[in-house]
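**Student:** what follows is a predicted structure for the sequence shown.
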Amino acid sequence: MVLRADPRIMAVSFGGSGIGYNFPGSHGSSRDTVTQVAVDRAGNIHLVGTTYSTDFPQVRGLQPGPSRQCNFNCDFRALFAAKLSPDGQTVRYRTYISAPDDFRGYYGQAPLLPSALALDSDGNAYIGGATAGENFPDVDGGVKLVQTAGATDAFLLKLDPNGRVLASMLIGGGDDDAFTSMVIGDDRSLYLAGTTNSPNFPVTPGAYRTIFSGRSHVFVTKVKLPERSVVFSALLGEAGEASSAPDFGASYQKSRAHPVLRVDSGGSVRVAVSTNSPNWPTTPGALQPRCADQCSDIVLARLTAAGDRLLFCTYLGGSGEDVVGGIALDRTGNAYLTGRTVSSDFPVTEGAFEAQRRMSPTPTTTAFVAKLNADGTRLEYGTYFGGSGWDEARDIAVDQNGVAYFGGRTASRDFPLLDAIQVGLHNGLCAQFTPSGSIPTGFYYCGSSGFAAALNLSGNFLVWSTNIGLGSVFALALDPSGRV
């Protein structure tokens, strides 16, 4: 869907039947989900995400789907990529990427696969994620089994404007590796961030950090285009797990840290990640030199364009759990972060739009937006954003005037709205079970919806805010005319 700044809305949807499950202690469904979005110079909309549908509708597909249907008590998931016309009404291509041949018994909900997306000036799409090598798209027009260095490798695919594979590469060590974020810099190089569990993850001589310390690590890799040669590959620090992700009616789930990055006009890299490690090397004058209390904070780091040293590194967070959802940079290099927090002492600024979080009888998360200056020493503004229920933000973008657009999901009936195109939550009906039961003991209303909002340059004024549908805003982008 597309929002104008009024806001008005243009909406389109697609997908398959998804999967459902009903096991003791585990009930629900998994549906097709877009995890990244980008807009090219012509206004075409590019999407990547995760599908749980064996009947996912393909247009110019790279590979066929499974020969059998799977829609209940089974496990099937694959990445997909799609390209839509600027009005969303014409599908340029829509395809599985590295889809399994079959499905298997379903024994627990798998997390969303990480995926990353960037576009070059010619309209080619670069897609990153993780693969075990099964049915990996081939540059010759087919699919094949590729040998990974470990369990899963980080992969990079280049698709032309018609969805044809132009190039592919794998990067990884002996354990799990994944790309989670990427961007093309002004120098036309591709910058990628991700996580690795591999002690032998490939790093380059002279990179900032090359020693793996035994825990899941964040890495940054720079690839020169079009040669696909690695300029540098560096480890940054230890990642962490988020243990209180709101799921609006089911049990808590753990989600692997998903580092996000952006690159400024000079080529230096900003990376933000959630961590529970106290060992990040913060720099002199950092806004927050140490992690707070439970040490479940966000780290924002800036790496040189050569990948050989840190320009700054700071924690950001309060005494509870803080999780980053997205990052954006403005024209002067200020970094905007959004995500979720359970901290009642998250760093906020005087006069912020919401300087205190709204409290409720049970612990909840709320969204936040924070703006840090270019050298990570000062908080330009920090604000909570939400109601008294579960709220979380997942992505953010900034326009040339410094207006921050962000989105996520809310279960708050008192969520802050202004000029909304949808007022109120989608009032779904959820089943209630005993911890080990498979038969519902009752039902309750479990209202939630996606949301999108915009804050002014100073973070003290709400430009607009609206509920959207019944799902979540996972990603957002601005098109050439300023639409969201």
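**Tutor:** Perfect, I can see it now.
**Student:** how far off centre is stretch 214-223?
**Tutor:** In this view, stretch 214-223 has its centroid 17 Å away from the chain centroid, taken as CA atoms, centre = their mean, to the nearest Å.
**Student:** show me where pLDDT drops low in the stretch 301-450 of the chain?
**Tutor:** For the stretch 301-450 of the chain, the stretches flagged by pLDDT under 70 are 360-363, 435-438.
**Student:** so which residues of it form strands?
**Tutor:** For the stretch 301-450 of the chain, the strands defined by DSSP state E, counting those that start in this stretch occupy 310-316, 322-329, 335-341, 366-372, 379-385, 391-398, 404-410, 429-432, 442-445, 449-455.
**Student:** again with the stretch 101-250 of the chain
**Tutor:** Listed in chain order, the strands of the stretch 101-250 of the chain (DSSP E, counting those that start in this stretch) span 104-105, 116-119, 125-131, 136-137, 143-144, 153-159, 165-171, 177-184, 190-196, 217-224, 229-238, 241-245.
**Student:** now render these as TSV, adding distance to V273, mean neighbour count and mean pLDDT.
**Tutor:** C-beta coordinates here come from the backbone N, C-alpha and C atoms, glycine included. As requested, these are exported to TSV (distance: least, CB to CB, whole Å; neighbours: other CB atoms under 10 Å; pLDDT from 0 to 100):
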stretch	distance to V273	mean neighbour count	mean pLDDT
strand 104-105	32	10	60
strand 116-119	14	23	96
strand 125-131	16	25	94
strand 136-137	27	25	90
strand 143-144	32	16	86
strand 153-159	15	25	94
strand 165-171	18	17	93
strand 177-184	9	25	95
strand 190-196	8	26	96
strand 217-224	5	24	95
strand 229-238	8	20	94
strand 241-245	11	17	49
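**Student:** nearest to S17, of those?
**Tutor:** Comparison of those against S17 by CB to CB identifies strand 104-105 as nearest, at 17.3 Å.
**Student:** could you list every residue that touches S274?
**Tutor:** Contacts for S274 (CB atoms under 8 Å, 6 or more residues apart in numbering) come out as 239-240, 242, 257-258, 296-299, 322-324, 339.
**Student:** next, count neighbours for T338.
**Tutor:** If you count neighbours by other CB atoms under 10 Å, T338 ends up with 29.
**Student:** quickly list what it is bridged to.
**Tutor:** T338 has these beta-bridge partners by DSSP bridges: G326, V369.
**Student:** with S274 instead?
**Tutor:** Beta bridges link S274 to I298, judged by DSSP bridges.
**Student:** ok, it to S216 distance?
**Tutor:** 11 Å (CB to CB, to the nearest Å).
**Student:** common neighbours of those two, please.
**Tutor:** With CB under 8 Å, 6+ apart, S274 and S216 have common neighbours A239, G240, A257.
**Student:** tell me which of the strands of the stretch 301-450 of the chain sits nearest to A475.
**Tutor:** Across those, A475 has its closest neighbour in strand 391-398 (4.7 Å, CB to CB).
**Student:** now the residue of the chain positioned farthest from its centre: closest residue in space, sequence neighbours ignored.
**Tutor:** Here the chain reaches farthest from its C-alpha mean at T441, the gap being 35.0 Å by CA atoms, centre = their mean. Residue nearest to T441 in three dimensions, not counting chain neighbours: Q432, with 5.5 Å by CB to CB, 6 or more residues apart in numbering.
**Student:** for C313, which non-adjacent residue is spatially closest?
**Tutor:** That would be A301: by CB to CB, 6+ apart, it lies 4.3 Å from C313.
**Student:** on that earlier part again, ok, the residue nearest to T441 - contacts?
**Tutor:** P440, T441, G442, F443, Y444.
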